[in-house]
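**Q** got a sequence here, can you model it:
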Amino acid sequence: MSAGTLSQRELLTCQYIAGTIQGEGKFCGEPSVFVRTALCNLHCSWCDTGYSWQAGFRRRWQPLSFEALERMAPPQARRWGLVVTGGEPLLWQDHPQFRALVNFGLGRFKRVTVETNGTIAPRAYLRAAAGEPGSSSRGAAAENGELWFSVSPKLANSGEPLRRRRHPEALSALSGLPQSYFKFVVGHADEDREILDTYGGIPPEKIFVMPEGATPRRLAETTPAALAMALRNGWHLSLRAHIMLNVE
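**A** I've put the predicted structure just below:
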């Protein structure tokens with residue numbers, strides 16, 4: 001599997017979620033529709049969406065359906081976000097249906113947020129839509145819509161070796177975009193040192209730290225460490241509102 005060059009005839013998805021909120025990051029609380037792409041190039045130990053990449057779930061994967069997205073788009077979609085998550089969505093960025101998905105979202109929603117693990121550099125059409133300085137056009141952008149990248153680089157707590165989870169060229173391309181931010185999943189009080197040592201080139205104003213956990217009980221255990229890191233380093237704290245509210 002090579003970055004951005006999947007040979008599948010159709011873009012594969014494993015989940016659509018309508019009528020919910022963005023639970024994390026810069027746009028936490030924003031009404032949103034989610035589409036989750038299949039396949040990922042990382043297999044994190046604490047991943048709570050293993051059905052998007054584990055072979056045992058392949059029967060659940062379906063071709064992207066624009067009809068389903070049309071049905072889920074609310075009448076007031078211009079005040080909503082479309083979140084393209086995974087899996088790793090940028091594995092599909094060269095697929096014509098991915099570009100069509102971005103255009104669909106930018107044409108109907110307030111913004112499109114592409115969630116990525118930061119190991120794959122976005123193509124020029126995506127960088128242009130995310131406000132890359134010097135771009136000759138806005139690429140995939142449509143009237144009124146905006147494209148953001150929510151980048152979640154992985155720490156050692158993911159179980160992935162550094163050579164797989166850290167790709168400096170991709171990180172540089174993403175961090176240089178005006179419409180990008182970074183969120184780190186943390187569970188221990190000293191992991192800010194790892195963030196600084198491993199990902200020190202990311203502008204601090206773009207960094208969110210987010211407590212690890214898929215249940216309210218686990219979040220209660222890990223949030224104090226995330227809060228301490230945010231205060232110590234001048235970073236943002238991202239809560240996981242969807243878990244605390246028990247919504248998808």
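
**Q** could you list the low-confidence segments of the protein?
**A** The chain contains residues with pLDDT under 70 at 1-8, 136-144, 248.

**Q** looking at it, which strand is longest?
**A** Scanning the chain for the longest strand, with DSSP state E as the assignment, gives strand 12-21.

**Q** which element follows it toward the C-terminus?
**A** Note on strand 12-21: by DSSP states H and E, the next helix or strand toward the C-terminus is strand 31-37.

**Q** and that next one with strand 12-21, angle?
**A** If you take axes from the mean of the first three to the mean of the last three C-alpha atoms, to 10 degrees, strand 31-37 sits at 170 degrees to strand 12-21.

**Q** immediately after strand 31-37, which helix or strand?
**A** strand 62-63.

**Q** tell me the helices and strands packed up against the helix or strand that that next one is followed by.
**A** Going down the chain from strand 62-63, the next helix or strand is helix 66-72, by DSSP H and E. Counting contacts by 3 or more C-beta pairs under 8 Å, 6 or more residues apart in numbering; DSSP states H and E, helix 66-72 is packed against strand 12-21, strand 31-37, helix 96-108. (Glycine included, C-beta is placed from N, CA and C.)

**Q** buried sites along helix 66-72?
**A** L69, M72 (16 or more other C-beta atoms under 10 Å).

**Q** show me what whichever helix or strand comes after it is packed against.
**A** Downstream of helix 66-72, the first helix or strand assigned by DSSP H and E is strand 81-85. In terms of contacts (3+ C-beta pairs under 8 Å, 6+ apart), strand 81-85 is packed against strand 31-37, helix 96-108, strand 111-116.

**Q** touching, P31 and R79? I think so.
**A** Yes - counting by C-beta atoms under 8 Å, P31 does reach R79; the two are 6.9 Å apart.

**Q** hey, which of the helices and strands packed on helix 66-72 is tucked in deepest?
**A** strand 31-37 (a mean of 22; mean count of other C-beta atoms under 10 Å).

**Q** can you list the residues that contact that one?
**A** 11-22, 49, 52, 64, 69, 72-74, 77, 79-89, 91-92, 101, 109, 248 (C-beta atoms under 8 Å, 6 or more residues apart in numbering).

**Q** can you count the residues close to D94?
**A** Neighbourhood size, D94 [other C-beta atoms under 10 Å]: 15.

**Q** again with S135
**A** 15.

**Q** which helix or strand contains it?
**A** Judged by DSSP H and E, S135 forms part of no helix or strand.

**Q** list the contacts of it.
**A** A124, R127, A128.

**Q** narrow these to those in helices?
**A** A124, R127, A128 (DSSP state H).

**Q** closest one of these to H167?
**A** Within the ones in helices among the contacts of S135, proximity to H167 (C-beta to C-beta) peaks at R127, which comes in at 15.7 Å.

**Q** so that closest one sits against L177, correct?
**A** Yes - R127 is within contact range of L177, at 6.3 Å (criterion: C-beta under 8 Å).

**Q** can you give me the neighbour number for P224?
**A** 11.

**Q** now L42
**A** Neighbours of L42 under the rule other C-beta under 10 Å: 18.

**Q** so how far is F208 from it?
**A** Distance, L42 to F208, using C-beta to C-beta, to the nearest Å: 19 Å.

**Q** with L177 instead?
**A** Taking C-beta to C-beta, one finds L177 at 16 Å from F208.

**Q** can you report phi and psi for P74?
**A** P74 adopts backbone torsions of phi -70, psi 160, taken as degrees, to the nearest 10.

**Q** ok, it to Y181 distance?
**A** On the measure of C-beta to C-beta, P74 and Y181 end up 25 Å apart.

**Q** who's more crowded, the two?
**A** Neighbours were counted for P74 and for Y181 using other C-beta under 10 Å; Y181 has more, 24 against 14.
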